[in-house]
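Engineer: Could you work out the structure for the sequence below:
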Amino acid sequence: MEQLQNISSDKELIIQKARKRIIESIGKNMDLYGITQSIGHLYGLLFFQNKPMTLDAMGEAMEMSKTSMSTGVRTLVDLKMVNKVWEKGSRKDLYEVEMDWFQTFSDYFSLKWRKALEINLSSLRKSRIELNQLGLLYPDDATLQSILQTDMDKIDEAIRYYHWLDRLIDSFETGDIYNFIPKDLPQDPNKL
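Structural biologist: Numbering: from 1, shown residues only. Reported below is the predicted structural model:
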């Protein structure tokens with residue numbers, strides 16, 4: 001981790017302890033994003049850097065192999081949580097954390113929710129068509145019609161939900177969500 005310069009060792013220890021606590025917490029909670037604890041720790045390490053890091057530097061700081069670092073960084077880049085950056089004079093790839101956590105959350109969950117939405121809507125629509133066709137083949141079968149109507153009502157309600165979820169995802173992607181839930185509210189600093 002970055003060496004703290006121009007401060008006493010007792011102050012540095014307090015800062016390091018506070019950073020370590022946050023890194024541990026981030027690591028433990030990264031399962032929300034489908035990320036392992038060690039990749040969460042890597043994210044935490046990058047979070048506290050004031051400059052981009054190479055894979056070698058990350059591996060050294062975390063005492064892990066360059067291969068492990070490469071896999072972890074690739075995961076974080078794919079999730080748009082870490083960015084690959086260019087630095088004049090450097091031949092090695094450099095990485096830094098995406099500091100906009102609002103955007104990271106929006107990107108990740110929009111991607112995951114959109115995928116689930118498309119899969120489920122496709123299944124619901126296909127099943128609804130099949131059930132409707134079955135009903136058209138046997139219009140006089142009251143028992144069948146009752147079962148089909150009950151199932152199609154459930155399917156319609158599920159489709160209604162996925163249309164709502166689609167609009168919610170759109171609000172994350174466009175940033176409109178922040179009109180309803182602002183990023184910042186005036187707060188009493190003592191209540192953080």
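
Engineer: CA atoms for contacts and neighbours, from now on please.
Structural biologist: Will do.

Engineer: Buried residues of stretch 117-133, list them for me.
Structural biologist: By 16 or more other CA atoms under 10 Å, the buried positions in stretch 117-133 come out as Leu117, Leu121, Leu124, Arg128, Leu131.

Engineer: Can you flag which of those residues belong to helices?
Structural biologist: Of the buried residues of stretch 117-133, the ones assigned to helices by DSSP state H are Leu117, Leu121, Leu124, Arg128, Leu131.

Engineer: how does this structure divide up, domain by domain?
Structural biologist: 9-98, 102-180 (automatic domain parsing).

Engineer: so who does the residue in the chain sticking out farthest from the centre touch?
Structural biologist: The C-alpha centroid of the chain is most remote from Asp140, which lies 50.4 Å away (CA atoms, centre = their mean). Asp140 makes no contacts at all, as judged by CA atoms under 8 Å, 6 or more residues apart in numbering.

Engineer: Alpha carbons only: can I get whatever helix or strand Leu13 lives in in CSV?
Structural biologist: Using DSSP states H and E, Leu13 falls within helix 9-29. C-alpha atoms of helix 9-29 as CSV (Å, rounded to 0.1, in the frame of the first residue of the first chain):
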residue,chain,number,x,y,z
SER,A,9,4.8,6.4,12.4
ASP,A,10,2.0,6.5,15.1
LYS,A,11,-0.2,8.6,12.7
GLU,A,12,0.7,6.3,9.8
LEU,A,13,-0.4,3.2,11.9
ILE,A,14,-3.8,4.8,12.6
ILE,A,15,-4.3,5.6,8.9
GLN,A,16,-3.2,2.1,7.8
LYS,A,17,-5.5,0.5,10.4
ALA,A,18,-8.5,2.6,9.1
ARG,A,19,-7.7,1.7,5.5
LYS,A,20,-7.3,-2.0,6.3
ARG,A,21,-10.7,-2.0,8.0
ILE,A,22,-12.3,-0.4,5.0
ILE,A,23,-10.5,-2.8,2.6
GLU,A,24,-11.7,-5.8,4.6
SER,A,25,-15.2,-4.5,4.6
ILE,A,26,-15.2,-4.0,0.9
GLY,A,27,-13.8,-7.5,0.4
LYS,A,28,-16.5,-9.0,2.5
ASN,A,29,-19.3,-7.2,0.7
